[in-house]
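[1] After the sequence you'll find the predicted model.
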Amino acid sequence: MRKQRILPGRLAPAYEVELGRLRANQVIPRLWAREAGLWKNDAAHAETIANRLGWLSAVEAMRAEAAEMTAFAEEIAAAGLRDLVLLGMGGSSLAPEVFSLLFPAPAGGRFFVLDTTDPESLLAVERSVHLARTLFIVASKSGKTIETLSQFSYFHNHLNQAGVASPGRHFIAITDAGSHLDALAQEHGFRRVFRNPADIGGRYSALSYFGLVPAALWGVDVNAVLDAAAEMEAACGPQAPVDANPALGLGAFLGAAALSGSGTLFLLSARNLEPLGNWIEQLVAESTGKDGQGIVPVVAGPAAPAEILAEGCVTVALTLEGQEDAALRGVLEALKQRSAPVVEIRMAGPVDLGAEFFRWEVATVLAGVSLSIDPFDEPNVQESKDATARLLRGFEATGEMPQGSLSLAESGLELYTEPGTRHAVQALQVSEALRTFFSRRRAGDYLALLAYVARDAENAAALESLRDRLAERLAMPVLLGYGPRYLHSIGQLYKGGPAAGMFIVITSHKAQDLSIPGAPYTFAQLQMAQALGDLQCLAQRDKPVLRLHLAQGARAGLAALRKIVDEALAASSPAAP
């Protein structure tokens, strides 16, 4: 049985008020009636919202397509295409990644998610697959995502150079009808195009073709996933008892927390459920992080310092039946003793992903009602895209990429600051600069490490260890994101959400770069433009931000960074001023 248990603790009065307010406003029947006025009353928002509620009927729509998706998966297996490579960003990649990591691999199958412009990541995938036995899933709602189109151009060209017959037959597209990708697929003879309902936005697309086609190709029983989703849909619908509506309870909890100044949401889970936490992070952050408000999700593994969790934060624990985690259980017991707000969600098995996707989609839009924001737009995502485009145009014209001001160089680390910002630091050593930077943290702040490096096991271990050390020593939430992946998820909150937040952008030298066919820049140059563009956007908002460049590459650079951070922390105050 899937279960949800809400222990509001010190937030109990605020939770009861918000739950009562949502019930009194008839939010459930109004949601299912697709009433845009639940969130905003102006015409511009109403039009956007009306075109983003298709996920409410996606379960039934996809049930009608389940047999076709399964048959297509069997066709691909019969063709000997065992390796799957998904080219997509944000809502187009996160749900497929959850399916690929929670469900066992089919015989001989491997699944790679490429949601990056990092050349080392592309090379790692290229060297891992056998091109003649690989199916590339090109996923983009608009069909114009620069990362996805660049990846497609690279691999299509590589198939041609390798002499693979009919290279288009190694690609499928998932997109909106009539999109740029739809046309591209026709031009290049893709094996198949799955045209998604246009009224489903990216982060609400897990139970549409975007999530389910890759799942079917991976051997997932999509009918079972949709059955679980349908059960949750019924429990969250207008005919169900309102007192037992799981999404209403969770949405009211999230909304009450944010309205009460406890807007940091820690997502704790055993390691194997972290991919679900990453999907929730995107959904919650991009939906709520705007208009100076928002819920800040922190995917933190099975444990985080109880001192942080108990003060100004709320915790959701995601567990799987039969897979107990002692560290997670210990943290939860400590929080309960402190009357900290906690939600426990237990899944019966991997097929319950269908239920969780639907539960969190409804809960998130209801939290949007509490915050009076439009949960379906992303007004600040385009800023970083525009900044990247400007930098690339300048690079094409001059051959130079504006790096910012080099302040310090030490042990293969280069520290850059944005000129003209009041957060620039004066120091003789990188450790001293970091110590000064950390000393400027305020009550309610969080720190985000934004790493433009390959998302592989070794880098992940180094960065997660660094994150945990910073969180423990600075007594503040520390988030970890990979660029440009985070730009399509929590990046919206960083720019449009609450004023809190400190940012360290980590870039690195690439030992080997890759050309993008038809583009005047390489993958490494595109990735650097994305890092610099987002850094500029953060600095323009007067956010405290530094850039650390790993001049000797990620492996050596992250090791050197850990030593210097330890030096900085050794002399830092353990508590926020």
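    Perfect, I can see it now.
[2] Now do the helix or strand of the chain with the lowest mean pLDDT: which elements does it pack against?
    Least confident helix or strand, the chain: helix 306-309 with a mean of 85, by mean pLDDT, DSSP states H and E. Other helices and strands packing on helix 306-309, by 3 or more CB pairs under 8 Å, 6 or more residues apart in numbering; DSSP states H and E, are helix 326-337. C-beta: built from backbone N, CA, C; applies to glycine.
[3] change it to 10 Å
    For helix 306-309, the packing partners by 3 or more CB pairs under 10 Å, 6 or more residues apart in numbering; DSSP states H and E come out as strand 264-269, helix 326-337, helix 457-474.
[4] Make TSV out of those and add mean pLDDT, distance to residue 205 and mean neighbour count.
    As requested, the helices and strands packed on helix 306-309 are arranged in TSV below (pLDDT from 0 to 100; distance: least, CB to CB, whole Å; neighbours: other CB atoms under 10 Å):
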stretch	mean pLDDT	distance to residue 205	mean neighbour count
strand 264-269	96	20	25
helix 326-337	92	29	15
helix 457-474	96	26	17
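[5] Of these, give the one that comes closest to residue 534.
    With CB to CB, the closest approach to residue 534 among these belongs to helix 457-474: 17.6 Å.
[6] didn't residue 336 look like it was pressed against residue 8?
    No: in terms of CB atoms under 10 Å, residue 336 does not count as a neighbour of residue 8; the distance is 11.4 Å.
[7] Quick check: neighbours shared by those two?
    With CB atoms under 10 Å, 6 or more residues apart in numbering applied, the overlap between the contact sets of residue 336 and residue 8 consists of residue 342.
[8] Doesn't residue 315 belong to a strand?
    Yes: with the criterion set as DSSP: H, G, I helix; E, B strand; the rest coil, the secondary structure at residue 315 is a strand.
[9] tally of neighbours for it?
    Using other CB atoms under 10 Å, residue 315 is surrounded by 25 other residues.
[10] That one is in contact with residue 254, isn't it?
    No: between residue 315 and residue 254 there is no contact, the gap being 11.7 Å when judged by CB under 10 Å.
[11] what touches both of those two?
    Jointly contacting residue 315 and residue 254 under the rule CB under 10 Å, 6+ apart are 265, 343.
[12] hmm, back to that, as CSV, the helices and strands packed on helix 306-309 with distance to residue 94 would be great.
    As requested, these are exported to CSV (distance: least, CB to CB, whole Å):
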stretch, distance to residue 94
strand 264-269, 13
helix 326-337, 22
helix 457-474, 16
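[13] Would you tell me which of these gets closest to residue 31?
    Ranking the helices and strands packed on helix 306-309 by distance to residue 31, with CB to CB as the measure, places strand 264-269 first at 21.2 Å.
[14] can you give me the angle the closest one makes with helix 326-337?
    Strand 264-269 runs at 140 degrees relative to helix 326-337, counting by axes from the mean of the first three to the mean of the last three CA atoms, to 10 degrees.
[15] Assess the claim that residue 448 and residue 501 are in contact.
    Yes: contact status for residue 448 versus residue 501: in contact at 6.4 Å, counting by CB under 10 Å.
[16] any common contacting residues for those two?
    Once CB under 10 Å, 6+ apart is applied, the residues that residue 448 and residue 501 both contact turn out to be 296, 477, 479, 493, 494, 538, 543, 545.
[17] wait, what's in contact with residue 221?
    For residue 221, counting by CB under 10 Å, 6+ apart, the contacting residues are 66, 70, 103, 215, 227, 350, 351.
[18] one more time with 8 Å, if that's ok
    Neighbouring residues of residue 221 by CB atoms under 8 Å, 6 or more residues apart in numbering: residue 351.
[19] now the one 4 residues further on
    When contacts are counted by CB under 8 Å, 6+ apart, residue 225 touches 207, 212, 215, 351, 353, 354.
[20] Quickly name whichever of these is closest to residue 427.
    Within the set of the contacts of residue 225, residue 353 lies nearest residue 427; the separation is 47.2 Å, counting by CB to CB.
[21] Now name the helix or strand holding the closest one.
    Element membership of residue 353 [criterion: DSSP states H and E] is helix 353-371.
[22] likewise residue 5?
    When the helices and strands are read off by DSSP H and E, the one containing residue 5 is strand 3-7.
[23] any weak-confidence spans in the stretch 1-150 of the chain?
    Filtered on pLDDT under 70, the stretch 1-150 of the chain yields the residue ranges 1.
[24] 80 instead, please
    Low-confidence regions of the stretch 1-150 of the chain, defined by pLDDT under 80, span residues 1-2.
[25] Kindly report the domain assignment for this structure.
    The chain breaks down by automatic domain parsing into domains covering 3-38+237-371, 57-226, 381-570.
[26] would you list these in a markdown table and tack on distance to residue 50?
    Rendered in a markdown table, the data for the domains of the chain read as follows (distance: least, CB to CB, whole Å):
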| stretch | distance to residue 50 |
| --- | --- |
| domain 3-38+237-371 | 5 |
| domain 57-226 | 8 |
| domain 381-570 | 20 |
